[in-house]
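Novice: fold the following.
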Amino acid sequence: MSAPSFPPLFSGLPVEGQIDPFDKACAEATRGCDAGLVVHNLGANSLRAAIVFAPDVVLADAMAMLPLCGVGFQNALGALAPPEVAVHLDWNGGIRINGASCGRLRAAASSSDPEAEPDWLVIGLELPLWPESDDPGTTPDQTTLYAEGCADVNAAELLEAWVKHSLVGLNTWLEAGVAPLHKDWRGLAHGMGEDITMGETSGTYLGVDERFGLLLRDAETTHLFPLTKVLEDR
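Specialist: Purely as a prediction, here's the structure:
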């Protein structure tokens, strides 16, 4: 498999075996690597990758990189997969293909303070390509990329396209603000308008605020869950 190629200002770092690109990217970011590092592990059954960002805005605003990379993934797969393949995005980073769960996006940062500017922010992508089990019927709510009619999608090309489309989204966000991203993401959001449970709170998923915080309406009030809640501890 040829090494993926990335746009200018992005650099690739391949890892193999059980090495988690997300963990590796966080470690490299902590050591002070340049923004634009793409750590990737293209296994036989999965595509795993992570991008290092260096936001110059506070964390609450920088968290827009999570939905931005989700939209970038949908655009990337949409350019490579058959037209009938549908991609939707969970608020917390989950990816859905044709309605079933298929991998996720993850986020970690140097700081958990929403109003502080982080030194780095890492967005990770995990995408199962083939089922780990010979009996996928045991997990009907979960799927894999190649089980959904995408067997002709090359993992390296999909990784390249994800980075390129996310870069386009990043440039639009820098030039036009968050409004275009809100519009694109809302068209892909899974479960909006439905009843969901967040922790101990259940209610109707109304949508998101300007910083992509989830708005949940119960019988008494509307609760706000900031997107920083999905950050993984580092």
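
Novice: name the element W173 belongs to?
Specialist: Using DSSP states H and E, W173 maps to helix 155-176.

Novice: and that helix, what does it pack against?
Specialist: Contacts defined by 3 or more CB pairs under 8 Å, 6 or more residues apart in numbering; DSSP states H and E place helix 155-176 against strand 37-42, strand 46-53, helix 65-80, helix 179-186. Quick note: C-beta positions are derived from backbone N, CA and C, even for glycine.

Novice: touching the first one from outside, list them.
Specialist: Strand 37-42 is contacted by residues 1, 4, 6, 10-17, 19-22, 24-25, 28-29, 47-52, 155-156, 159, 163 when judged by CB atoms under 8 Å, 6 or more residues apart in numbering.

Novice: rerun at 6 Å
Specialist: 6, 10-15, 21, 24-25, 28, 48-52, 155, 159, 163 (CB atoms under 6 Å, 6 or more residues apart in numbering).

Novice: pull the contacting residues for the spatially most central residue of the chain.
Specialist: Taking CA atoms, centre = their mean, the centroid of the chain lies closest to L105, which sits 3.1 Å from it. L105 makes contacts with L66, C69, G70, G93, L125, as judged by CB under 6 Å, 6+ apart.

Novice: mind doing that once more with 10 Å?
Specialist: Applying CB atoms under 10 Å, 6 or more residues apart in numbering to L105 gives the contacts 22, 50, 65-70, 72-73, 89-90, 92-95, 123-127, 230.

Novice: any regions of this protein where pLDDT drops low?
Specialist: For the chain, the stretches with pLDDT under 70 are 1-2, 133-139.

Novice: tell me where it has strands.
Specialist: Applying DSSP state E to the chain gives strands spanning 11-14, 37-42, 46-53, 87-89, 94-97, 100-109, 121-128, 195-198, 201-208, 214-217, 222-225.

Novice: what lines up beside the first one in the sheet?
Specialist: Paired neighbours of strand 11-14 in the sheet (DSSP bridges): strand 37-42 (parallel).

Novice: A108 touches M65, doesn't it?
Specialist: No. The pair A108 / M65 is not scored as a contact, 11.2 Å apart, by CB atoms under 10 Å.
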